[in-house]
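Colleague: please work out how this folds:
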Amino acid sequence: MYGLEEESPEDPGASQPVRPPQNLQAFGLEEEAPDEPETPITSASDSHIDQRRQYKTTWQEHHRKNETVEERDRRLKSGSERERKRRHQETLEESELRHRAGVERERQRRLDETLEEREDRHLTSAERERQRHLHETLEESEHCHRSDAERALQHRLHETLEESEHRHQAEVERKQERRLHETPEIREARQAEDALAHGQRRHHTSQQPESHGEALTFANSFPAEDDLGPMNVVCKHCSALHFKGRVF
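Modeller: Residues are numbered from 1 along each chain as shown. Purely as a prediction, here's the structure:
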């Protein structure tokens, strides 16, 4: 009548497009994201990886701040067991690569840390070491000292000249840093220990000959003996000591 066509009612038998439910989680389903096309590694993809790592690091820091003591203990035990199994299955080359990567990562981290972070690290390390010494037995202490000495010896045998100089410089800086934070009691104990070690070095040095002549005199003061008697006859040809029966 008015030029408008009346809409026909929907035919129940007609085919209707199938629409997925709006709330998939109510049915226990989740919509899968489409597969991302493989793209070459570019600066954009590198930045995306860095962003993901930064997000993961931030999330871990936030999560660890809010975790309980039981959750922290569970996390540490699980991580230790997982790391132990992984290291048990790795090859010698993988172990060396892991050690080198860890050393480089630690060196870079210490280069980037602030003064406050360095002080916190030193205090935490000192407290952890003190707690470990308080709970270890005499056998564990001796085993720890022997292991540290053997590890340090092997490391110094294989280090380069540059690594040796870097180690000496690090030891000097570490000693200076430690003396800045030591208490008067620790300072007195250290000075007494240094004085004792210095006295022992002087005593040991005084027992050693300083020249070749003194070395001969020191050696000849205890002449060797065999069936021919003491070796105390000076040879007129070579001025060395011989047994009496062997001087002609």
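Colleague: any idea of the mean pLDDT for the helix or strand containing residue 201?
Modeller: Secondary structure assignment for residue 201, by DSSP states H and E: helix 184-206. When pLDDT is averaged over helix 184-206, the result is 81.
Colleague: quick check: buried residues in that helix?
Modeller: By 16 or more other Cβ atoms under 10 Å, helix 184-206 has no buried positions at all. C-beta: built from backbone N, CA, C; applies to glycine.
Colleague: what's next to it, contact-wise?
Modeller: 179, 182 (Cβ atoms under 8 Å, 6 or more residues apart in numbering).
Colleague: tell me where the protein has strands.
Modeller: Secondary structure of the chain (DSSP state E): strands located at 225-226, 229-230, 233-234, 241-242.
Colleague: can you flag the weakest of those strands by average pLDDT?
Modeller: strand 225-226 - the lowest mean pLDDT of these, at a mean of 50.
Colleague: what ranges of this structure fall below the confidence cut-off?
Modeller: Confidence mapping of the chain against pLDDT under 70 gives the ranges 1-45, 204-232, 242-248.
Colleague: per-domain residue ranges of it.
Modeller: Domain assignment of the chain by automatic domain parsing yields the ranges 124-156, 166-200.
Colleague: now those domains in CSV, with distance to residue 59?
Modeller: Shown next, in CSV, are these (distance: least, Cβ to Cβ, whole Å):
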stretch, distance to residue 59
domain 124-156, 23
domain 166-200, 34
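Colleague: between those domains, which one is nearest to residue 62?
Modeller: Smallest distance to residue 62 across these (Cβ to Cβ): 20.6 Å, for domain 124-156.
Colleague: now the helices for the chain?
Modeller: Assigned by DSSP state H, the helices in the chain fall at 43-66, 69-89, 92-112, 115-135, 138-158, 161-180, 184-206, 212-220.
Colleague: fine, thanks again, bye for now.
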